[in-house]
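**Student:** Please work out how this folds:
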Amino acid sequence: MRAALIAACLFATPVAAQQQIICVKTDKDMQEQMAKHDETLQFIGVNKLGQIFFVFAGEIRWTVWFVRPEGAICTGPMYLGEILQLGKPA
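**Tutor:** Purely as a prediction, here's the structure:
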């Protein structure tokens with residue numbers, strides 16, 4: 001449901017649409033979408049292959065966005081979730 005709401009304001013490339021991936025063109029677009037869902041940027045990271053990831057979280061949900069090789073900033077259903085626990089596990 002949340003992904004559908006985000007998709008209403010975003011564009012999807014033909015290949016991305018087939019994979020249910022949602023993309024925006026700019027960092028500002030990504031930030032605006034996350035503000036609508038009360039999620040704030042927690043950190044920006046890079047994996048061992050050099051791909052950049054943006055991790056957002058709110059009180060109960062989190063979203064991860066990633067930068068594709070052509071520069072689009074994307075997310076999708078497998079990059080959305082609910083927070084089960086904050087802090088260090090017991």
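**Student:** now the helix ranked longest in the chain: mean pLDDT?
**Tutor:** Determined from DSSP state H, the single longest helix within the chain is helix 27-36. Helix 27-36 shows a mean pLDDT of 95.
**Student:** Give me the pLDDT for residue 77.
**Tutor:** Per-residue pLDDT puts residue 77 at 94.
**Student:** Can you give me the separation between it and residue 28?
**Tutor:** Residue 77 sits 23 Å away from residue 28, going by Cβ to Cβ, to the nearest Å. Where you see a C-beta, it was placed from the backbone N, CA and C, and this is true even at glycine.
**Student:** neighbour-wise, which of the two wins?
**Tutor:** For residue 77 versus residue 28, neighbours defined as other Cβ atoms under 10 Å are more numerous around residue 77 (13 against 9).
**Student:** That one reaches residue 20, doesn't it?
**Tutor:** Yes: using Cβ atoms under 8 Å, residue 77 is in contact with residue 20, at 5.6 Å.
**Student:** before we move on, the earlier item: which elements pack onto the longest helix of the chain?
**Tutor:** Where contact means 3 or more Cβ pairs under 8 Å, 6 or more residues apart in numbering; DSSP states H and E, helix 27-36 is packed against strand 40-46, strand 73-75.
**Student:** So for the following helix or strand past the last one, what gets flagged as buried?
**Tutor:** By that I understand strand 73-75. Using DSSP states H and E, the helix or strand that follows strand 73-75 in sequence is strand 80-82. Neighbour counts over strand 80-82 (16 or more other Cβ atoms under 10 Å) mark residue 80 as buried.
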